[in-house]
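# Predicted coordinates and the sequence they were generated for:
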Amino acid sequence: MNIPKELLYTKDHEWVKEDGGQAYLGITDFAQEQLGDIVFVEMPEVDAEVKAGDSVAVIESVKTVSSVFSPISGQVVSVNEELESSPELLNEDPYGNHIAVIAIEDSQELNQLMSADQYEAFCREQE
Amino acid sequence: MSLKRTPLYEMHLKYGGKMVDFGGWELPVQYQGIIKEHDMVRQKAGLFDVSHMGEIDVQGEKAQDFIRSLVTNNIQLLEEHQIQYTPMCYPHGGVVDDLLVYKYSPTHFLLVVNAANESKDYAWIKEHVQPGVEVQNVSAQFAQLAIQGPLAEEILQKITDTDLRGIKFFYFKPDVKVAGVECLVSRTGYTGEDGFELYLQPDNAPRVWEALLQAGGDNISPAGLGARDLLRFEAKLPLYGQEMDQDVTPLEAGLGFFVKLDGPDFIGKEALVKQKQAAAPRMLIEFEMIDKGIPRSHYPVQKDGQQIGWVTSGSHSPTLGKSVGLALVKRDAFQEGGEIDIIIREKPFRARMGKGIFYQKKTKK
């Protein structure tokens, strides 16, 4: 299972990359593997205000529907529009394709997230 | 309760099957991915383990009349070694199950039923059994494989002693040797493609499974339940529990073709005759999404803000390249080309009702 060292992780299998006060949000390799073939991503609205724990996107795979939760509060700065026509990119390269970018309001929230090592241990417990 | 395993369990693990609980059976939802497996079946061939299906053997002098009294279709017209699809109903017209009737002879039939309904069906049939008929649940005596796709015949022929061209659509041969193993082979399936189903002794199943994959090489791959459901859905083949159940009649579910009301009596006939005369209050309709969204089973369907029914099956269709669905709605709400709303996560998504939206089956007549 692919878990890049430089990213932060949630228990719902999202990844976060902090860059210049903004959080890039995506789903992990584990998540895409569990979901199977992804066929549709319902994106948040740009400029929407989200709170940590809110569902910001919905991912539909052939077999199931799953929410993406933002662990970060703030305004949605942009979404990855490429996923609207090519949702399968989340299967092919889950870390190379973020879903949304959020302007971080409270950087303390980043401290709640898991490191790559912690996330790997967490995934192992799930199996 | 532990999950039941088919004789091909080890094969599923060997080929990387992602195992899930499917109505009490531990079966692969996918191996390489649902869409890849789906595409293989539409373009080349796929191999499915459908050993979970139930088989009920009916024998005796009165076997034919007995089965006719239970099902809606005119099985008395079957030739030997012919097969028929039919609903089986309750007195009120709701469906007990939908099944295949295999006719060995006028005194010997095999009923192939849905796995989830096996005990219910067996109990129902036993409850109505008549003198001169013997009914046995023989599910444990059969493994079942399905090889489906445009190359299915070519691949199966390589390891079969019988000329498969002699088995026409919805016919079978009871004594075919496949990889040296005795099988009942029928030209049937649940994908909308040409293909065969093989019934055989459980112990022999892994050998035949491996032989088929070897004979097909790059032109065949194992396919899981996810691909099976997607393929049957695209071809608009009904699934018990979704398109119909005990509260939906076959007339409402668009299965009127399989309900023969002008012949002998059967359980549910009276209710179905009445419903047909009055026109069923609900009907199964096809729709395609206008807005971007994926319809799923049980999602509410609205027209002009009023609920008119619900989605029975829905999905993004790789073959059609769009999201489509089936819905059971109030009859007077249907209008070809008319707009409806599918309620997805409490929001309305526009869809258009239509006819002939689904995949045109490639089965051979």
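Arrived safely, thanks for sending. This structure is a prediction, so every number in the text was calculated from the model and none was measured.
# Would you mind naming what in chain B lies close to chain A?
Residues of chain B lying near chain A by CB under 8 Å from any CB of the partner chain: B:18, B:29-30, B:33-35, B:226, B:230, B:292-294, B:296, B:315-316, B:323, B:345. (C-beta placed from N, C-alpha, C; glycine too.)
# biggest separation within those residues, which pair?
Pairwise distances across these (CB to CB) peak at 27.6 Å, for the pair B:Lys18 and B:Lys292.
# before we move on, the earlier item: which of the residues of chain B next to chain A count as buried?
B:18, B:29-30, B:33-35, B:226, B:230, B:293-294, B:296, B:315-316, B:323 (16 or more other CB atoms under 10 Å in any protein chain shown).
# and residue 117, how many neighbours?
By default, I'm working from chain A. 11 (other CB atoms under 10 Å in any protein chain shown).
# try again with chain B
Neighbour tally, B:Asn117, other CB under 10 Å: 21.
# now swap in B:Pro202 and tell me
Neighbour count for B:Pro202, taken as other CB under 10 Å: 15.
# so it touches B:Ser51, yeah?
Yes - B:Pro202 is within contact range of B:Ser51, at 7.2 Å (criterion: CB atoms under 8 Å).
# Give me the common contacts of these two.
Shared contacts of B:Pro202 and B:Ser51 (CB atoms under 8 Å, 6 or more residues apart in numbering or on different chains): B:Thr6, B:Pro7, B:Phe142, B:Ala143.
# The last one and B:Gly16, how far apart?
Distance of B:Ala143 to B:Gly16, computed by CB to CB, to the nearest Å: 20 Å.
# which one of those two has more residues nearby?
Using other CB under 10 Å as the criterion, B:Ala143 and B:Gly16 rank with B:Ala143 on top: 25 against 11.
# Contacts only, for that one.
B:Thr6, B:Pro7, B:Leu8, B:Asp49, B:Ser51, B:Tyr199, B:Leu200, B:Gln201, B:Pro202, B:Asn204, B:Ala205.
# where's the last one, which helix or strand?
What that stands for is B:Ala205. Assessed by DSSP states H and E, B:Ala205 sits inside helix B:205-216.
# about what we covered before: which of the shared contacts of B:Pro202 and B:Ser51 has the largest number of neighbours?
Highest neighbour count within the shared contacts of B:Pro202 and B:Ser51, by other CB under 10 Å: B:Ala143, with 25 neighbours.
# Who's the closest spatial neighbour of it, skipping the chain neighbours?
Sequence neighbours aside, B:Ala205 is the residue nearest to B:Ala143 in space, at 3.7 Å (criterion: CB to CB, 6 or more residues apart in numbering or on different chains).
# Same question for B:Asn137.
Distance criterion CB to CB, 6+ apart; nearest residue to B:Asn137, sequence neighbours excluded, is B:Tyr122 at 4.6 Å.
# for the lengthiest helix in chain A, which positions count as buried?
Identified as the longest helix of chain A according to DSSP state H is helix A:116-126. Within helix A:116-126, the residues that count as buried by 16+ other CB under 10 Å are A:Tyr119, A:Cys123.
# So what touches it?
A:Met1, A:Ile3, A:Pro4, A:Lys5, A:Glu6, A:Leu7, A:Tyr9, A:Lys11, A:Thr28, A:Phe30, A:Met114.
# what's the distance between the residue nearest to B:Asp291 when sequence neighbours are not counted and B:His298?
In space, and not counting its chain neighbours, B:Asp291 is closest to B:Phe349: 4.1 Å by CB to CB, 6+ apart. According to CB to CB, B:Phe349 stands 15 Å off from B:His298.
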